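> What follows is a predicted protein model with its sequence.
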Amino acid sequence: MAKRLPKKDVVIIGLGWTGTIMANELTDEGLEVIAIERGPWRDAPTDFPPSYMQDELRYRVRHELFLRPEQLTFSFRNRIGQTALPIRSWGAFMPPNGVGGGGVHWNGEMWRFLPSDFVLKTHLTERYGASFLPEDMTIQDWGVTYDELEPFYDRFEYICGTSGTAGNLRGKIMEGGNPFEGPRSRPYPTPAQAQPFSHTLFGKAARDLGYKPFPQPSGNLSQAYTNPLGLQMGPCTYCGFCEWFGCSNYSKASPQTTILPYLVRKPNFTARDNSEVTRINVDKSGTRATGVTFIDSSGVEWEQPADLVVLAAYAMFNVQLLLHSKIGRPYDPVANSGVVGRNYTHQTVSTVNGFFDSKKYNFNPFIGSGSIGMCVDELNGDNFDHGPHGFVGGGYMGQVQTGARPIESTLVPPGTPKWGAAWKTAVRENYLSTVKPGAGVHGSFYSYRDIYLDLDPAYSDRFGRPLMRITMDLKENELKQNKFLTDKFAEIIKAMGADKLAVLYRTAPYDISTYQTTHLNGGAVMGADPATSVLNRYLQSWDVSNLFVLGASAFPQNPGYNPTLTVGALAYWAATAIRDKYLKNPGRLVDA
Amino acid sequence: MRSNSRYFFAGVGIALFLAGSAAAGDSDPQEFTQIERGRYLAILSDCASCHTVPGSNQPFAGGRAIETPFGSIVAPNITPDPETGIGGWSDDDFDAAIRKGLRRNGSRLYPAMPYTAYTKMSRDDVQAIRAYLNTVTPVHNDVVANTLPFPFNIRASLRVWNALYFIEGDYKPDARKSAAWNRGAYLVDGPGHCGACHTPKTLLGGDRTDQYLRGGFLQGWSAPDITGDTRVGVGDWSVEDLVAYLKTGHNRVSAATGPMAEVVTLSTEQMTNSDLNAIAAYLKSLPGKQDHPQALPKENPAMVAGAAIYRDQCSACHGLDGKGVAKLFPSIADSPMVKSDDPTTSIRIVVRGARSVGTRAEPTAPGMPSYGRQLDDTQIAAVLTYMRNSWGAAAAPVGADDVARVRSDAALRPD
């Protein structure tokens, strides 16, 4: 029997980006808020100090900051009909754990989605006709538009101190920025980061080929910054240990650097770490959440009653908790019914490594930052005519020099032996003269009827609950898209002056063991129709009106950008709806 | 029936107690002006620092152990509880304790209670504090204050101590100085009792008046020189720098940590700007020692090693130019603390790390990680020696033995 705690106004599940944003907004409203976090408390200077944080083995190879699969994992298969097996070591993505969540270990890319991304189905159908889309593709409009989200994009950019060059200021196209971005109401709060040599070279090559390159918008700051909450951030030192690592220089935007120190001073905020929420409780009617049940590190089960429940975990855990709590109808791809688990997506990434003459080129790869970069956006979303190409979607492409960590940076040209003296010589020769853009091609991943999440019939977790099962593969549309983009990207790397290229396309089947990105999306998508979405346009559950579900689980499909800025903007959008609408009149914010 | 009458008598007893408590002292709970003045004077005097256990929800109930070189003294309960607090005290009792260091039985208070400074307050000031304390929730908490070892547990010895170090009497304004300066001097020497930490002490724990506010030592921290000395004091800080430091815990040069972080939270952050300006004007007017030591040459082996360590370990935050980032990463180049004669605090920050104070105006509370595992005693000594003799600064080198001493002392303490 769970021990019952005193009731709070709001319980938030997960204290990452979205949980922190929501907690700060709702405590401002005067509500008593408790956040329950599965992992430990984390604090920049003590938990990832510069004295030992630059440890590639510990953080990258051994996944220090991530959830241990022994605690919770998923099962995986490519296709319906196969038997899924549990993931025992993370590969394709890295589930975060602990206060700050993915905001601790991310690279800091701060992209806005295109206006057309939010009305994708309508837009593509109007431009190309419904028959242009693959039959099993289940893309849909978001139910919210770019213009509605713009003030919240702006808000989150200013909380984070984002460094970048505006490309579209209130409708005016600005030199040096991304000409394809939607209109922004203000310039970026800080100028773009300084770009290393390889980026300058990429920019020049791209310009010569007719592209309009621009600096990647970055949550690693170009200069010291004081955010609207009065929190201080420092300039990025280009240390080269960003993604997979926490930043103790206060220069990477994270909940720790941008909100938490302000939030924890509030008397109406409480946080509980090392406590895993196992269930959202609903009343007999099934339409009202009464709070959550969680288990602490001593194995003691607690019930936290609350008037409002905010599910703010990582996308996958959001979907899983809805399934375990039996909220919303589980998706069935065969019957094509239900919604929870539907429209699960990832990101279609690939790269091209360029090997340059080591006598002429030294890129000083040790200068690295998570999201510096020179990028082009001509081939993203519907920025180009897809008619001749027979696919939809696209992505940005760019050179992003993130560092020269010794274990992962030993790239050698194709054809080099994999070991021995020749390999060593090649590593030495190429270490400083290789352009290795990481996820240089950052493509969209659209949704399909048979790519989804459900509960595994065979495997269960330590509490006896079924594991969540991933059914995921790469479809022809995404493979065509990736081939087209990767070839275009290779042209730019070649034009930079590379002697040899390693062109690494994304290929099927989808590989769960190779890192792609941690941009998992969907499964609890937002939309205008309860038959095809779990949440309404305010991220409110259609079924349980005092439950809001934040995060990329709401994305109906994934555009060709990194998700965090949109995740944050949607959290502010939902928080504003709660503050301005829901609290005045609790209940469904949208009739259906 | 029987049990009811017993409750009745118990009720009478409580009523009598309450009446007795209200009779102790002449303060009038309706006297808003006096009570409010007392509340502010209690902030200026930082009473809560010793008399409230940190994190406790029982203000002024005592019980916090105060470390002194002679052993720990536990701060008593100063809530109006008649039995275990000061509810039973008369106004004269209270005045004698605060301004004369006398207990109710006539014996002496230990000078861990800064009556040596509080004596500068007027009787009216002290009665205002009393009036305020009479309004706080009485807490029944019996504190055994004297936990000192022999022979310091013999209070009679304090007669001699007082004869040596205690000058009783209200603050006497200096007519040649401005009202602001006089206010500053009163705040610093009276309620603020800055000298308790910042003036060096004799072996017996008395002030070395010839070195007034030139830096002291307490509880494993060295408190910096806060005179107008331009090298190790606040002479190069503007009045605005000082006010920002006291109000927000941070300024363009430095950040409050250790015991001063608590002073900022409980006291200076809550002071009025005019009082902070007065304190700043007064401190800056103090000449300090103004000595000019020679910088170590760059070729000195410790300087060479220190420069390399600084570049490797420190410059990411504090900058190659040593300037740091205002309000976030202290400026090593401009910090008087770095050049202090006593390097204890600098060593401690490197060995153990430190957390600066979070305030309403500056909530970030940035921290410095510990380098105690990364760097050995010789390396820490070298990098501090380098910091103390670079960017135009000059100060005595730090020895590995200094680092060893602080390291072993800090290992026994909480952060």
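It's in.
> C-alpha from now on. contacts and neighbour counts both.
Will do.
> so where is the chain shaky, pLDDT-wise?
Going with chain A. Of all residues in chain A, none has pLDDT under 70.
> look at chain B instead
Looking at chain B by pLDDT under 70, you get B:1-25, B:145.
> For it, what lies in contact range of chain A?
B:313, B:316-317, B:325, B:327-328, B:358, B:361-371, B:374 (C-alpha under 8 Å from any C-alpha of the partner chain).
> in what helix or strand does A:Asn343 lie?
Per DSSP states H and E, A:Asn343 falls inside strand A:342-345.
> Quick check: which helices or strands does that strand pack against?
Here strand A:342-345 touches strand A:452-460, strand A:521-523, going by 3 or more C-alpha pairs under 8 Å, 6 or more residues apart in numbering or on different chains; DSSP states H and E.
> try 10 Å this time
Other helices and strands packing on strand A:342-345, by 3 or more C-alpha pairs under 10 Å, 6 or more residues apart in numbering or on different chains; DSSP states H and E, are helix A:315-325, strand A:452-460, strand A:521-523.
> Reformat the ones you listed as a markdown table; add mean neighbour count.
Shown next, in a markdown table, are the helices and strands packed on strand A:342-345 (neighbours: other C-alpha atoms under 10 Å in any protein chain shown):
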| stretch | mean neighbour count |
| --- | --- |
| helix A:315-325 | 22 |
| strand A:452-460 | 20 |
| strand A:521-523 | 30 |
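> that older thread, filter the residues of chain B next to chain A down to the buried ones, ChimeraX style.
Here is the ChimeraX command that picks out the buried ones among those, judged by 16 or more other C-alpha atoms under 10 Å in any protein chain shown:
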select /B:313,316,317,325,327,328,358,362,363,364,365,366,367,368,369,370,371
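> what sits against B:Arg194?
No, residue B:194 isn't Arg; it's Cys. By C-alpha atoms under 10 Å, 6 or more residues apart in numbering or on different chains, the contact set of B:Cys194 is B:Ser45, B:Pro114, B:Ala117, B:Leu187, B:Val188, B:Leu213, B:Ile226.
> which residues does the first one contact?
Going by C-alpha under 10 Å, 6+ apart, B:Ser45 touches B:39, B:114, B:117-118, B:129, B:187-188, B:190-194, B:263, B:266-268.
> Which of these fall in helices?
Per DSSP state H, helices hold the following members of the contacts of B:Ser45: B:Arg39, B:Ala117, B:Tyr118, B:Ile129, B:Leu187, B:Val188, B:Val263, B:Leu266.
> quick one: contacts for the third one?
What that stands for is B:Tyr118. For B:Tyr118, the contacting residues are B:45, B:95, B:97-101, B:125-126, B:168-171, B:186-187, B:189-193, by C-alpha under 10 Å, 6+ apart.
> Then the first one?
By C-alpha under 10 Å, 6+ apart, the contact list for B:Arg39 reads B:Thr33, B:Ser45, B:Ala128, B:Ile129, B:Arg130, B:Ala131, B:Tyr132, B:Leu133, B:Thr135.
> helices or strands next to the helix or strand hosting B:Ala382 in the packing?
B:Ala382 is located in helix B:377-388, with elements delineated by DSSP H and E. With contacts taken as 3+ C-alpha pairs under 10 Å, 6+ apart, helix B:377-388 sits against helix B:301-309, helix B:344-352, helix B:400-410.
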